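Visitor: pasting the structure only:
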């Protein structure tokens, strides 16, 4: 058991070294295909917000916290856009069961986000998403500067605060 | 647009090339399940010993089965080749213990169900006289062995085996020593010794238990193939069958068993055995 | 185990070093550790766990450098947590791949996941919660000659726990976006995408006896399945359809019948801001497609047929989930989302969202073949079926309505009602259809910017009296209270009470801590024996009573 613990520790240490040394931010995977709500396949290299940061959020039709997150942000999205110009890209990981319900749900809920469907979960895997909701902030250079899983009412305020900091060029990688 | 057509054409061609699905006509859904050989005139058989076929139903979770294995070994050590024993793993105690090979077979299950075996260990002698329970097994087999009735039919069996291709040729002669009016069938099966695994015994589980005489599969159909003969005393017939030994069987440990049985009553009237690599 | 972890650390260090020396490239990854401590509880049927601790661990490492990427996945199940197949027992590198891609093509060697269309003929995917992983091991190529065309082709075998299935799976698929390909159509409001795919499985011959004495089945060694699909969008309207056929495929799922399989899936939708409507219909006939003909259970499926019903997340609504009947079912579903505007009488100050969903799944018509009295006779065509005739057995029916409303700046309320009819035949059990009424109230109260309280009350009333074989039966009450301190910490306490039935309480206390992408969750309580279902695929989860610790992270 003791040896096992040592090995686990070694594993974590090496993971830790990564985190330490790779201070340069990972970039968004470029050539992953996702679908638009009209069925067109696009590459992730087309994701951008004219040099301004954007929020990339993974969600699913069956995920209650995800729907709460996107519905909560809906209330303040207009204000956010006016103030910071931030954009939300919402990527659904629904499979065949839910994929055809995505578009009616998005419109029915009145979301003005840019929505894609990652039915084969290629982007989910490429970005190491384990559970949804999983939210990323991508800066103007296409770098992943912050990520977080789970949502609760109120976290949207933290989120926009971080976007403001990114726009001011602050390093937020240590923020929780 | 032209390019689109070109690409579509290539894709279509690829699809057609890929389109390998086998279509079987409804008349051909079922095929004869055994290896079939033709019967020819054969040679007289030298050995006229009347042998017994003892089929034991067993399972790795059956706690009394090691005892039955012991009974069979004891008898075999004293009677030599007068008895051919096979162990059929079937029934409720035969689902594999974790780590064990699954020794159950479709054919074994079919026989198990056909003969209505429901207790373990049990044995059948020549597929006649009912099913012997654990308690009657030893006395039943000894009684059958001491019956001095002479053989009505003699048979021998011989094999040729190529280890490279695992091709096995099985050759058998039968000789009618008396007139036999009933229709007969001829069955060939493979059994394997030396399979190691876990076996329950009493309240404990034995590791590295050696499963002997394990019934693996039939070479012929499970109920055998018809014997093409007039049944008159003195008639000799010969048959040759080809079989590819599955790679999971250890050739050195495999034996080929042949038996002749009554097509209607299933009673076995003679049997013979040989090793694959002998 | 120790060796493996050390090796893994070494591999990571090596990648890290090479990443530095090779110039650029990035290493990312994620891991999850689940540990379970369960003790015997005969009241709920939880068995003793002699090992005391069970654990599932996985760690993914992904290296990318420009168009090149490579990854490995370490998995360990020592021993698998309750409900995972014991064949998972062990540890090692379960998954590995290398991939190169540019604008025109992408090639992946090793393990890969992909799907053709919606997956009616091919979908290789994993669902960790279900313990299901049918990753392909082989080569996958994607080719994009011009904008608007994607051709994919693959060959490989499917993962089977720590081994691979016997069948060799090959496939090709093309998808054409007409808007990109046809001039003057680019800017059209109508968007059309067409696709077609073909998948073939080869498996060696084997002896499978027929019910006719002396005869075995003449097995097709190559089984093919093809599908056509289209996706049509015109402004607010959308129409998707896919039709698949499968050649003769006698297998353990269909009792070795030779009938061809087919499947049709149609979905139509209309949506505008504040209103979304989706109608779906499907018909499945003998579409169980596996890479081993004798395989049963959830592994080795080549295709994926989801259940056509809403996936409920409230515990009592998800008690009786729909399970896909690959041998035959037909179903319809209607789904409406409607947002009532702010400031109206019903909408109130903040607006109200209404969701309605109805689904019904029936058997398909199956008639015995000429000269037979029963269907599904081994080694025959099995049955005949009238495509448009609905079978007379109800499998599943679900009508549910959800009203959610923001009551004030601080509070939100969602009320859901569902009427669910469930036929136990979907789980291969016999018995009367369960008719359940379920009501759920979900209330969120934001105390201040950091503290949020949430509560759920759920009530299920069933027409079926409690019986011991099904620990779900009878009537249930459930209460849950959850306190969140920002998104970093939560504490939740819940109890499910089988008040009209076993009188058993299934309580649970969970705490969770999240820091960026690292999440630690500890739960203590009782878990009912039952099915865990995702997307119509289910796994049986045995009863347990004890502690569950889960740590996930990505980096």
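Guide: Looks like it arrived, so ask away. Everything numeric here is computed off the predicted structure, so don't read it as measured data.

Visitor: drop to CA atoms for contacts and neighbour counts, all remaining ones
Guide: Fine.

Visitor: got a list of what residue C:322 touches?
Guide: C:307, C:309, C:395, C:396, C:422, C:426, C:536 (C-alpha atoms under 8 Å, 6 or more residues apart in numbering or on different chains).

Visitor: that one should be in a helix, yeah?
Guide: No. Judged by DSSP: H, G, I helix; E, B strand; the rest coil, residue C:322 forms no part of a helix; its state is coil.

Visitor: if I look at it, how far off is chain B?
Guide: Taken as C-alpha to the nearest C-alpha, to the nearest Å, the spacing of residue C:322 relative to chain B amounts to 31 Å.

Visitor: just checking: what are the partner strands of the one helix or strand residue C:478 maps to?
Guide: According to DSSP states H and E, residue C:478 maps onto strand C:475-485. Paired neighbours of strand C:475-485 in the sheet (DSSP bridges): strand C:451-462 (antiparallel), strand C:489-500 (antiparallel).

Visitor: so the nearest residue to residue C:265 once chain neighbours are set aside, which of the three states?
Guide: Closest residue to residue C:265 apart from its sequence neighbours, by C-alpha to C-alpha, 6 or more residues apart in numbering or on different chains: residue C:282 at 4.4 Å. Following three-state DSSP, we place residue C:282 in the strand state.

Visitor: what separation do you get for residue C:282 and residue B:124?
Guide: Residue C:282 sits 54 Å away from residue B:124, going by C-alpha to C-alpha, to the nearest Å.

Visitor: next: residue C:290.
Guide: 39 Å.

Visitor: quick revisit: reformat the strands paired with strand C:475-485 as a markdown table; add mean neighbour count and distance to residue A:139.
Guide: Output for the strands paired with strand C:475-485, formatted as a markdown table (neighbours: other C-alpha atoms under 10 Å in any protein chain shown; distance: least, C-alpha to C-alpha, whole Å):
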| stretch | mean neighbour count | distance to residue A:139 |
| --- | --- | --- |
| strand C:451-462 | 20 | 29 |
| strand C:489-500 | 18 | 27 |
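
Visitor: pipe the ones you listed into a markdown table and attach mean pLDDT per row.
Guide: Shown next, in a markdown table, are those (pLDDT from 0 to 100):
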| stretch | mean pLDDT |
| --- | --- |
| strand C:451-462 | 95 |
| strand C:489-500 | 93 |
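
Visitor: quick one: closest of those strands to residue B:73.
Guide: Nearest of the strands paired with strand C:475-485 to residue B:73, taken as C-alpha to C-alpha: strand C:489-500 at 57.3 Å.

Visitor: give me the contact list for that closest one.
Guide: Contact partners of strand C:489-500, identified using C-alpha under 8 Å, 6+ apart, comprise C:466, C:474-484, C:503-514.

Visitor: what of stretch C:300-309?
Guide: A:96-97, C:119-124, C:134, C:158-160, C:165, C:282, C:288-292, C:322-324, C:326, C:331-333, C:358-361, C:398, C:535-537.

Visitor: quick one: which of these sit in helices?
Guide: Per DSSP state H, helices hold the following members of these: A:96, A:97.

Visitor: can you flag which of the contacts of stretch C:300-309 belong to strands?
Guide: Counted as lying in strands by DSSP state E, out of the contacts of stretch C:300-309, are C:123-124, C:158-160, C:282, C:331-333, C:358-361, C:398, C:537.

Visitor: quick one: residue A:142 and chain B, what's the gap?
Guide: Relative to chain B, and taking C-alpha to the nearest C-alpha, residue A:142 is found at 34 Å.

Visitor: show me where chain B has helices.
Guide: Under DSSP H, chain B gives helices at B:2-18, B:65-79, B:106-115, B:134-146.

Visitor: mean pLDDT lowest where, among the ones you listed?
Guide: Mean pLDDT is lowest for helix B:2-18 among those, at a mean of 58.

Visitor: need the per-residue pLDDT for residue A:36.
Guide: pLDDT recorded at residue A:36 is 92.

Visitor: contacts only, for the spatially closest residue to it that is not a sequence neighbour.
Guide: Distances taken as C-alpha to C-alpha, 6+ apart put residue A:116 closest to residue A:36, at 4.8 Å, once the chain neighbours are dropped. For residue A:116, the contact set (C-alpha under 8 Å, 6+ apart) comprises A:34, A:35, A:36, A:37, A:89, A:90, A:91, A:92.

Visitor: show me what residue A:116 bridges to in the sheet.
Guide: residue A:36, residue A:91.

Visitor: re the thing from before, narrow the contacts of strand C:489-500 to those that are buried.
Guide: C:466, C:474-484, C:504-514 (16 or more other C-alpha atoms under 10 Å in any protein chain shown).

Visitor: before we move on, the earlier item: just the contacts of residue C:322 now: which is nearest residue B:138?
Guide: residue C:426 (49.0 Å).

Visitor: ok, and the closest non-adjacent residue to the closest one?
Guide: Nearest one to residue C:426, counting by C-alpha to C-alpha, 6+ apart, is residue C:323 at 6.0 Å.

Visitor: just checking, next helix/strand downstream of the helix or strand harbouring residue C:194?
Guide: Per DSSP H and E: residue C:194 is located in strand C:190-202. For strand C:190-202, the following helix or strand on the C-terminal side (DSSP H and E) is strand C:215-217.

Visitor: ok, that following strand near chain B or not?
Guide: Yes. Residues of strand C:215-217 are located near chain B by C-alpha under 8 Å from any C-alpha of the partner chain, namely C:215, C:216, C:217.

Visitor: just after that strand, pick out the following helix or strand.
Guide: Once the chain leaves strand C:215-217, the next helix or strand it forms, by DSSP H and E, is strand C:222-234.

Visitor: who's more crowded, residue C:290 and residue B:124?
Guide: Comparing residue C:290 with residue B:124 by neighbour count (other C-alpha atoms under 10 Å in any protein chain shown), the higher total belongs to residue C:290, at 25 against 22.

Visitor: who does the more buried one bridge with?
Guide: residue C:301.

Visitor: secondary structure class for the residue nearest to residue C:211 when sequence neighbours are not counted?
Guide: Leaving aside its chain neighbours, residue C:211 sits nearest to residue C:378 (6.7 Å; criterion: C-alpha to C-alpha, 6+ apart). Classification of residue C:378 using three-state DSSP returns coil.

Visitor: settle this for me: residue C:378 is touching residue C:259, isn't it.
Guide: No. Contact criterion C-alpha atoms under 8 Å: residue C:378 and residue C:259 do not qualify, at 10.9 Å.
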